[in-house]
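**Q** below is the structure, and that's it, no one-letter string:
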């Protein structure tokens, strides 16, 4: 459990909230690059960390992310005309460039210089790995661009999707580090999903349904090891990486691609679940890409606004017959919506004063404590939180078989670092 | 040795914390008698320290189906080999192991279980 004030602290990420300020230390994904496909294309409304913003791509291909509303009368610039290197409000013609600077004010006298004094709040928007990333903190503290491996490998080796999730970011993220739910909620899919099936490690999973967990601190967050029995007294380890504040990396299976998530607050009651698949040494196959686009693996089928087709309005397309037959454990199809349906069922912000945690929740407990410490250190002393430094981001999850007495963090040390061009450690 | 009992929480769980780094044999025997009453036994062990006492408690918990949770505090100077020795002692009976760099986390972990 958490005390109410702790729960509030971890779930509130608006501009004035302590965690809102801390979250703004990081580069975060704002849009898929496909959402701004060409110069002067339609602008896109973006809400991040409770701020309403507008993203656009100007006539020269430059990306802009700024306050959604015109400084004049508060009109949404989503209605704007994206033309001649700026976004023009259709109400009175005020025009803004990608930095938020007003560059034209046609309803003012021609000699007026007032436009120079009008500037909307704006943030950098940079493409990397098919994602448009933004940094919403103080410009003087802007860190280098993120170097998560999925975003730095060649384009043919990586695929990212996003889906709207109707709950606070933390309960979604906590699902990403709660390894013990996999043996229940997802048990019907590990051996059938095209992006998971066939790995030798799956046999260890199915042969030992009661893994033992070890949680170990890392410099950027946590390693969460799930231990199962393998042959000859050895252990099969699945090692999840959590990098603060919200990057989770699932251990790989066989020769499949590696996958993971970033959980980004839209506001305090909604978040974006970003899902990536990549392979460090090879291009993704057409079959893999087809499966990912079809919502297999950790991805989901979404509509044009990236809201899942299975959502709370249609009870997530619950299939009681599939549940009863054991085809799916919860009756919901697909890893992503199996997770999201249950997390949304907890309510917009779950009341953590009422929960009853057990020992297998230690990954979640430790993650919360690390976040609370980072918020305190940043708020009171200005200490840059873990996960901002690039070396914290250059990590990998791993699936390995190790002798029984070895600390997995040390025995798999090299496997847990992203070495470009080196295959992942996977079973 | 530190030994304290949390007040019964709303969940009616009995949670007991035992630091066994310096426990005597008599301490261990006494604690073994308390295991039956516990819902969760959390043990705090220093990496590289002697976890034999913790192992005795842990085995008793395992026999009596009491949940066991071990927190290993690893000081920066502790070698991989020393940590491995401690892990080898606690893994057979720990249902959950957490390795942390300082023991400040222990109170927070306990509060989370209430």
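**A** Great, that's in hand. Quantities reported herein were computed from a predicted structural model and do not represent experimental measurements.

**Q** before we move on, which element is residue A:236 in?
**A** Assessed by DSSP states H and E, residue A:236 sits inside strand A:235-243.

**Q** swap in residue B:72?
**A** Following DSSP H and E, one finds residue B:72 within strand B:67-73.

**Q** so how far is that strand off the chain centroid?
**A** From the chain centre to the centre of strand B:67-73 is a distance of 4 Å (Cα atoms, centre = their mean, to the nearest Å).

**Q** how about the residues of chain B by chain A?
**A** When proximity is defined as Cβ under 8 Å from any Cβ of the partner chain, chain B approaches chain A at B:11, B:40, B:67-69, B:80, B:83-85, B:87-88, B:91, B:94-101, B:105, B:108-109, B:111-114. Using the backbone N, CA and C atoms, a C-beta is placed for each residue, glycine as well.

**Q** now do the helices in chain B.
**A** In chain B, the helices defined using DSSP state H lie at B:25-34, B:52-63, B:80-90, B:105-113.

**Q** let me know which of these is the nearest to residue A:70.
**A** Minimum separation from residue A:70 across the helices of chain B (Cβ to Cβ) falls at helix B:105-113, 46.7 Å.

**Q** any idea of the mean pLDDT in the closest one?
**A** Across helix B:105-113, pLDDT averages out at 83.

**Q** count residues in the vicinity of the residue of the stretch 251-400 of chain A found nearest chain B, would you?
**A** Scanning the stretch 251-400 of chain A for proximity to chain B using Cβ to the nearest Cβ identifies residue A:359 as nearest, at 3.8 Å. Per other Cβ atoms under 10 Å in any protein chain shown, the neighbour tally for residue A:359 reads 23.

**Q** go on, residue A:136?
**A** 23.

**Q** quick one: it and residue A:50 touch, right?
**A** No: between residue A:136 and residue A:50 there is no contact under Cβ atoms under 8 Å: 10.6 Å.

**Q** among the residues of chain B next to chain A, name the buried ones.
**A** B:40, B:67-69, B:83-85, B:87-88, B:91, B:94-100, B:105, B:108-109, B:111-113 (16 or more other Cβ atoms under 10 Å in any protein chain shown).

**Q** bridging residues for the closest residue to the residue of the stretch 251-400 of chain A closest to chain B other than its chain neighbours?
**A** Setting aside the residues directly before and after it, residue A:359 is nearest to residue B:96 in space (Cβ to Cβ, 6 or more residues apart in numbering or on different chains), at 3.8 Å. With DSSP bridges as the criterion, residue B:96 is bridged to residue A:213, residue B:69.

**Q** my guess is residue B:96 contacts residue B:61. True?
**A** No: at 11.9 Å, residue B:96 does not count as touching residue B:61 under the criterion of Cβ under 8 Å.

**Q** can you classify residue A:372 by secondary structure?
**A** Three-state call for residue A:372 (DSSP: H, G, I helix; E, B strand; the rest coil): helix.

**Q** how near is it to residue A:351?
**A** Noted for residue A:372: a distance of 17 Å to residue A:351, by Cβ to Cβ, to the nearest Å.

**Q** get me the contact residues on the stretch 251-400 of chain A for chain B.
**A** A:356-362, A:365-366, A:368-369, A:372.

**Q** out of those, which are buried?
**A** Those of these that meet the buried threshold are A:357, A:359-362, A:365-366, A:368-369, A:372, by 16+ other Cβ under 10 Å.
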